Structures are given as C-alpha cells and as structure tokens.
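Curious how this folds, go ahead:
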Amino acid sequence: MKTALVHYWLVNMRGGEKVLQQLASMYSDAPIYTHVLDRSVLPSDLRNREFRTTFIQRLPGAKHHYQKYLPLMPLALEELDMRGFELVISSESGPAKGVIVSPSATHICYCHSPMRYIWDMYHDYKARVKLPVRLAMGPLCHYLRMWDQSSSVRVDQFVANSRFVAERIRSVYGRSSEVIAPPVRVTEFAPVESKDDYYLFFGELVAYKRADLAIEAFRASGRQLVVAGKGDQLIQLRKTAPPNVRFVGSLSHHELKSLLAKAKALVFPGIEDFGIVPVEAMASGTPVIAYGKGGVLDTIIPDRTGVLFTEQSVASLNAAIDRFEAMIPGITMEALRDRAAAYAPEHFERKFRSIQSEVCQAKLSHPSFLP
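Numbers count the residues shown, from 1 in each chain. Have a look, this model is predicted:
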C-alpha cells in the first residue's frame with residue numbers, strides 16, 4: 001500500500017520520535033510529513049528519509065519557536081495534499097491527525113496523548129505564561145479544542161500507547177482505541193554486576209515531571225540522588241538542592257546506560273502517558289519507584305519490578321523507598337529483564353501490523369465503514 005507518515009514536529013528525539021523511528025523502519029518507502037524539521041537532531045536512519053514539511057517550516061524561527069505557531073497548524077495540515085496514499089499513519093501529540101485523506105484511504109492515528117496544553121494541562125500551562133499570552137490563550141485554545149475534536153472523526157482507528165491514554169482518547173474524542181505500547185530498544189541496555197549507592201531521577205526538568213518532589217524527599221531522607229536532564233527548572237532546582245543531590249545535566253546514550261544500570265532504583269514521581277525510561281531502567285536491571293498513576297500502571301509490576309506510591313508527597317515517596325529497601329532481595333534481575341523484554345520493537349511491529357490489517361480489511365469489505 002502507498003503509505004504516508006505524519007508526525008507533529010521533528011526538533012528532538014523523545015518518546016514520540018522513537019515511535020516514529022520504528023514506524024519509519026516498518027514503512028521504509030513512506031514519506032514523512034511534519035510541521036517543522038531539524039535534520040541535525042535525527043539519528044542516521046531517519047536523517048536521510050524523504051520529508052515533506054508544512055508551511056510552518058518557512059516561518060521565522062520555526063525550529064526554535066514552533067509552538068508559537070500552534071494556531072496555524074490545523075490550516076497547515078489541511079493544506080497538505082494526501083491524494084494517492086492508501087494508508088496514512090499519524091503520530092499524534094501535537095497536531096498531526098488533522099490531515100485530509102482520500103475517502104478510500106485508511107487513516108490510523110497512533111496517539112501518544114491528546115494535546116496536553118489545550119486539554120488536561122491547559123490551566124497549568126496558562127498559569128506559567130505572561131499576561132499577554134495568557135489573554136490570548138483562552139480564545140485560541142477554544143478554537144483549537146473545537147478543531148481537535150472535529151478532526152478526530154477523520155481517523156479510522158485510534159491506537160493508544162497505554163490504557164491511561166486510551167481513557168483520555170475516550171474522554172476527549174469519544175472514541176475507543178486499541179492499546180499498543182511504544183517500542184523500546186531494550187537490547188541496548190544491560191545490567192552490571194554491582195550497584196552504586198544512589199537513586200536516579202532522569203527526565204526533562206519541567207513542572208509535571210516532579211523532580212522537585214524527588215529532591216525534597218531526598219532532602220528529608222539524606223539518601224543520595226542523582227538528577228540527570230535539563231529543562232526550565234534546572235537553575236532553580238540546582239540552586240536550592242541539598243548536598244546529597246547531584247546534578248549531571250544532559251547525558252550521552254552511553255552515559256545514560258551506565259547511570260541507569262548502576263543506580264539502586266529509578267525514581268519516577270510524575271504522571272506520564274506511558275514512560276519509556278522505566279522500561280529502559282528495568283532492561284538495565286534497575287527497579288522503579290513510581291507514582292502509581294498513568295502509564296506505569298501498564299509497565300511496573302508492584303513488588304516484583306518496583307514499588308508504587310499513592311500520593312505525590314514527600315512522606316509517600318520516602319515510605320515507598322523504605323519499603324523498596326526492605327524488599328530488595330525479592331526483586332530479581334530475571335523478573336526485571338523479562339518485564340522489559342515485553343516492550344521490544346518486534347512486539348510493537350507485530351501488534352501494529354495486525355491492527356493495520358484488520359482496519360484495512362474492514363474498510364475494503366465495507367466501503368461505508370465509519371469510525
């Protein structure tokens with residue numbers, strides 16, 4: 001089938017881009033459509049693919065300020081000429097699913113999350129911006145919500161990356177979805193013979209990741225915490241952190257693998273739609289201490305591959321760490337590695353192709369097939 005891939009923007013390599021990387025390897029002849037492209041950040045297997053960008057790419061400063069052009073992205077998507085494609089796969093977290101495809105084409109949307117900044121985290125984002133932007137956000141996001149909901153009917157089949165996101169798709173779009181976990185390159189990670197005496201927080205240092213909660217918990221306990229990553233909160237967090245919290249900034253892939261493998265446990269106090277890092281930690285033979293909400297409910301097996309805590313509070317997190325330290329001998333390397341192996345790319349490919357086949361067959365058998 002003549003296939004096209006659509007991704008919101010390609011200016012970094014995070015979880016959504018790793019899913020696109022796997023889709024691109026599965027559909028090797030498919031052009032990739034995106035609003036904004038920065039080839040310099042892409043791995044070699046993506047860098048030389050055929051890309052087609054929307055007019056957003058040509059706007060001033062688009063590579064760095066693409067989010068400021070969000071209100072124009074619905075129009076940009078609808079201006080793309082998708083005629084001739086029999087299969088369109090959109091990768092949605094920013095605007096991507098709103099392309100207009102031929103009536104006979106099949107459109108599958110792999111949804112990492114409905115756009116957080118206009119739905120469940122709208123008020124969080126609004127509270128952090130300056131007054132002029134705050135005044136503009138109300139009417140602009142109102143328009144984007146209407147377009148986002150109306151464009152959801154253009155999708156034949158939604159695929160969610162977790163049960164948590166599947167529920168959000170149902171709530172926002174009124175649509176059911178299949179759940180396929182993202183592919184994780186688990187074979188790139190390996191355990192080490194002995195652990196060092198530190199816990200690890202790894203992720204972008206932004207509000208919803210809750211690095212602040214991890215730091216305050218370790219301030220109270222005195223245990224050693226390593227914080228890896230950068231983001232808007234880095235300067236403030238570093239300025240106020242206690243001596244037992246060490247910041248290491250951005251890491252190479254090799255450095256990350258070593259840090260994950262040697263940590264006693266990964267501390268994961270935020271709410272993620274899926275959360276690839278906990279799976280990478282388990283592949284490294286490292287248990288996970290996580291807030292028990294979001295995608296970790298799909299990946300972590302309580303008391304076998306980690307510990308879940310029930311409140312985003314210092315007391316709850318430290319109680320979970322105490323519980324973890326008491327049960328360390330009961331968490332085996334075999335259980336961790338077996339759990340991580342369930343998210344290997346081959347499982348993603350098998351499940352995705354199965355759903356593609358079912359949806360395409362349904363549309364072929366019933367030309368009037370509707371979502």
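
Just the local confidence number for residue 128, please.
Model confidence at residue 128, given as pLDDT, is 85.

I misspoke; the intended subject was residue 366.
So residue 366 comes in at 69 (pLDDT).

lowest-confidence helix or strand of this structure?
Least confident helix or strand of the chain, by mean pLDDT, DSSP states H and E, is helix 122-128 with a mean of 87.

chain center to the helix or strand following that helix, what's the gap?
Later in the chain than helix 122-128, the nearest helix or strand by DSSP states H and E is helix 131-151. Distance of helix 131-151 from its chain centroid, counting by Cα atoms, centre = their mean, to the nearest Å, is 23 Å.

For helix 131-151, name the packing helices and strands.
Under the contact definition 3 or more Cβ pairs under 8 Å, 6 or more residues apart in numbering; DSSP states H and E, helix 131-151 sits against helix 73-78, helix 122-128, helix 163-173. Where you see a C-beta, it was placed from the backbone N, CA and C, and this is true even at glycine.

Mean neighbour count and distance to residue 104 added to these, as JSON lines?
Listed next are those as JSON lines, based on neighbours: other Cβ atoms under 10 Å; distance: least, Cβ to Cβ, whole Å:
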{"stretch": "helix 73-78", "mean neighbour count": "19", "distance to residue 104": "19"}
{"stretch": "helix 122-128", "mean neighbour count": "13", "distance to residue 104": "36"}
{"stretch": "helix 163-173", "mean neighbour count": "18", "distance to residue 104": "23"}
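
what's the closest of those to residue 19?
helix 163-173 (12.3 Å; Cβ to Cβ).

for that closest one, packing partners?
helix 131-151, strand 157-160, strand 177-179, helix 296-299.

Kindly format the C-alpha coordinates of it as PDB.
Provided in PDB are the C-alpha atoms of helix 163-173 (Å, rounded to 0.1, in the frame of the first residue of the first chain):
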ATOM      1  CA  ARG A 163      -4.600   2.300  29.000                       C
ATOM      2  CA  PHE A 164      -4.200   5.800  30.600                       C
ATOM      3  CA  VAL A 165      -4.100   7.500  27.100                       C
ATOM      4  CA  ALA A 166      -6.900   5.200  25.800                       C
ATOM      5  CA  GLU A 167      -9.200   6.600  28.600                       C
ATOM      6  CA  ARG A 168      -8.200  10.200  27.700                       C
ATOM      7  CA  ILE A 169      -9.000   9.500  24.000                       C
ATOM      8  CA  ARG A 170     -12.400   8.200  25.000                       C
ATOM      9  CA  SER A 171     -12.900  11.300  27.200                       C
ATOM     10  CA  VAL A 172     -11.700  13.900  24.700                       C
ATOM     11  CA  TYR A 173     -12.800  12.400  21.400                       C
END
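
any idea of the angle that helix forms with helix 131-151?
Interaxial angle, helix 163-173 versus helix 131-151 (axes from the mean of the first three to the mean of the last three Cα atoms, to 10 degrees): 90 degrees.

Around residue 333, how many other residues sit close by?
Residue 333 is flanked by 11 other residues according to other Cβ atoms under 10 Å.

residues contacting it?
191, 285 (Cβ atoms under 8 Å, 6 or more residues apart in numbering).

Can you check the pLDDT for it?
93.

Quick check: closest non-adjacent residue to residue 262.
Leaving aside its sequence neighbours, residue 262 sits nearest to residue 196 (Cβ to Cβ, 6 or more residues apart in numbering; 4.4 Å).

May I see the helices and strands packed on helix 163-173 arranged in TSV, with mean pLDDT, distance to residue 262 and mean neighbour count as well?
Listed next are the helices and strands packed on helix 163-173 as TSV, based on pLDDT from 0 to 100; distance: least, Cβ to Cβ, whole Å; neighbours: other Cβ atoms under 10 Å:
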stretch	mean pLDDT	distance to residue 262	mean neighbour count
helix 131-151	93	42	14
strand 157-160	98	33	24
strand 177-179	97	33	19
helix 296-299	96	21	20
